[in-house]
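In: give me a 3D structure for the following:
(one chain, ligands or ions: 1)
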Amino acid sequence: MKAELLSVLRDADDYVSGQDLCEKFGVSRTAVWKGINQLKEAGYEIEAVPNKGYKLLSVPDTLSEEELKSIRKTAWVGQEIFYYPVIDSTNTRAKQLAEEDYPTGTLVVAGQQDAGRGRRGRSFESPQGAGIFMTLMLKPELSPVNAPMLTLVAALAVCAAIVKTTGRPAGIKWPNDIVMNGKKVCGILTEMSAQMDYVNHIVIGIGINVHNESFPEEIAPVATSLYMETGEHFNRAALIEEVWEQFEHYYAIFMETEDLSGLVKEYDAHLVNRNQIVKVLDPKEPFEGKAMGITPRGELIVDTWESRRLVSAGEVS
Ligand code: BTN
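Out: Take a look at the predicted model:
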């Protein structure tokens, strides 16, 4: 009942009477009172006024299944939510859940990761309570060749959510790092299990640095957090909800054509490398050129002095 109780209090503009809560949940006054006390113990500030009822005054920045479910407004993302205070990696857990027949849209969120994974075999710093570490599992009707574009869809969603939440500019470094003032604030790791012509599942793992006050020496020059950029502490559950609302919006546009043709303009508008000279770290043959934007398939268009090249994988700096 805790998540539902929280939902009702969250949605109410004014006090909700104890009687209304009893009737709504078909439970006794004592049960409602107990639920309220559990929420208070979890850090929710709830005012109780005789003859008026209960009012939610503030929510803590603790993540929990109740908090995530009570704030949920998405249509299909997060219908199943798993929250872990500590886990190895939310991507690994999401893959297991896919194998265990959980439905598309299942969301895994963690307070901390012991073995957070980044792209190209790197690790991802995931200290307790500092960030958002989450993975969405999808079982889409999508050709496997189109699946990598989903990572750019996720980048658009995170970028839009950060801009809306913080009111500050954020951009995308191709293909899917989110940056603020030139430093990385979010990374995305998309993994797929597929056959030649069929996607079994895709997991989209997102790590956002939210409250971090500093970073280890080796990444400090290139990493930042929402707190370091704004001096403000943002509520993680609210930002998670915003990310997935944005994702549902962009995903629907993507699925109309199974490519990014409906999103190129918006993606390019956020692309920080646009019109910049970039170094493409192609393992065979690194090269330099001017980044012009993306194609409808998500490739980066790079004009070298001799030709126009399309970069479909790899990294640019
Ligand atoms: C990168 O920038 O290299 C990608 C980082 C992705 C990190 C996220 S945090 C949640 C999910 N679980 C993981 O183990 N990795 C992703």
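In: which strand or helix spans the closest residue to residue 136 other than its chain neighbours?
Out: Closest residue to residue 136 apart from its sequence neighbours, by CB to CB, 6 or more residues apart in numbering: residue 204 at 4.8 Å. From N, CA and C alone the C-beta is placed, and that goes for glycine too. Take DSSP states H and E as the rule and residue 204 turns out to sit in strand 198-209.
In: check which residues of that strand are buried.
Out: Neighbour-count burial for strand 198-209, with 16 or more other CB atoms under 10 Å as criterion, is recorded at 199, 201, 202, 203, 204, 205, 206, 207, 208, 209.
In: what does stretch 309-317 give?
Out: Residues 311, 315, 316 are the ones in stretch 309-317 that count as buried (16+ other CB under 10 Å).
In: can you name the residues of the stretch 201-317 of the chain that neighbour the ligand?
Out: 205, 206, 207 (CB under 6 Å from any ligand atom).
In: so residue 202 touches residue 149, yeah?
Out: No - Residue 202 is beyond contact range of residue 149, at 10.9 Å (criterion: CB atoms under 8 Å).
In: returning to that earlier point: could the buried residues of stretch 309-317 be laid out in TSV, adding secondary structure?
Out: What follows is the buried residues of stretch 309-317, written out as TSV (DSSP: H, G, I helix; E, B strand; the rest coil):
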residue	secondary structure
311	strand
315	coil
316	strand
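In: so which of these is the closest to the ligand?
Out: residue 315 (9.8 Å; CB to the nearest ligand atom).
In: wait, that closest one touches residue 281, no?
Out: Yes - using CB under 8 Å, residue 315 makes contact with residue 281 at a distance of 4.7 Å.
In: just the strands in the protein please.
Out: All strands of the chain, identified by DSSP state E, fall at 45-49, 53-58, 81-84, 107-110, 131-138, 171-173, 177-180, 183-195, 198-209, 277-280, 287-294, 300-303, 308-311.
In: for the ligand, what's the nearest residue on this structure?
Out: residue 187 (2.1 Å).
In: that residue bridge partners, please.
Out: Beta-bridge partners recorded for residue 187 (DSSP bridges): residue 207.
In: please apply the same query to residue 117.
Out: With DSSP bridges as the rule, residue 117 is bridged to residue 123.
In: how about the contacts made by the closest residue to residue 56 other than its chain neighbours?
Out: In this structure, residue 56 finds its nearest non-sequential neighbour in residue 9, 4.0 Å apart by CB to CB, 6+ apart. By CB atoms under 8 Å, 6 or more residues apart in numbering, the contact set of residue 9 is 16, 46, 54, 55, 56.
In: could you do residue 127 as well?
Out: Residue 127 is in contact with 112, 212, counting by CB under 8 Å, 6+ apart.
In: what do you get for residue 87?
Out: Neighbouring residues of residue 87 by CB under 8 Å, 6+ apart: 93, 108, 110, 112, 113, 114.
In: again, but for residue 161
Out: Residue 161 makes contacts with 239, 242, 243, 245, 246, as judged by CB under 8 Å, 6+ apart.
In: near the ligand, from the contacts of residue 9?
Out: Among those, no residue is within reach of the ligand (CB under 6 Å from any ligand atom).
In: by neighbours, which of those wins?
Out: Counting neighbours by other CB atoms under 10 Å, residue 54 comes out on top of the contacts of residue 9 with 24 neighbours.
In: check the gap between that residue and residue 2 for me.
Out: Residue 54 is 13 Å from residue 2, where distance means CB to CB, to the nearest Å.
In: with residue 170 instead?
Out: Distance, residue 170 to residue 2, by CB to CB: 33 Å.
In: out of those two, which sits in the more crowded spot?
Out: Using other CB under 10 Å, the more surrounded residue of residue 170 and residue 2 is residue 170, with 23 against 19.
In: that one - nearest residue in space that isn't next to it in sequence?
Out: residue 162 (4.5 Å).
In: list the residues that contact that neighbour.
Out: Listed by CB under 8 Å, 6+ apart, the contact partners of residue 162 are 168, 170, 178, 180, 185, 186, 208, 226, 239.
In: ok, now which ones touch the first one?
Out: Put plainly, it is residue 168. Per CB under 8 Å, 6+ apart, neighbours of residue 168: 162, 180, 229, 230.
In: hmm, back to that, which one of the strands of the chain lies nearest to residue 64?
Out: For the strands of the chain, the distance to residue 64 is smallest for strand 81-84, at 5.9 Å, taking CB to CB.
In: contacts (any at all) between the ligand and that closest one?
Out: No - on the criterion CB under 6 Å from any ligand atom, strand 81-84 is out of touch with the ligand, staying 11.3 Å away.
In: who's in contact with that strand?
Out: Residues outside strand 81-84 that contact it (CB under 8 Å, 6+ apart): 63-65, 68-69, 72, 90, 93, 97, 106-111.
In: which members of the contacts of residue 87 additionally contact the ligand?
Out: Among those, the ligand is touched by residue 113 when using CB under 6 Å from any ligand atom.
In: tell me the one of the contacts of residue 87 nearest residue 138?
Out: Using CB to CB, residue 108 comes nearest to residue 138 of those, at 12.4 Å.
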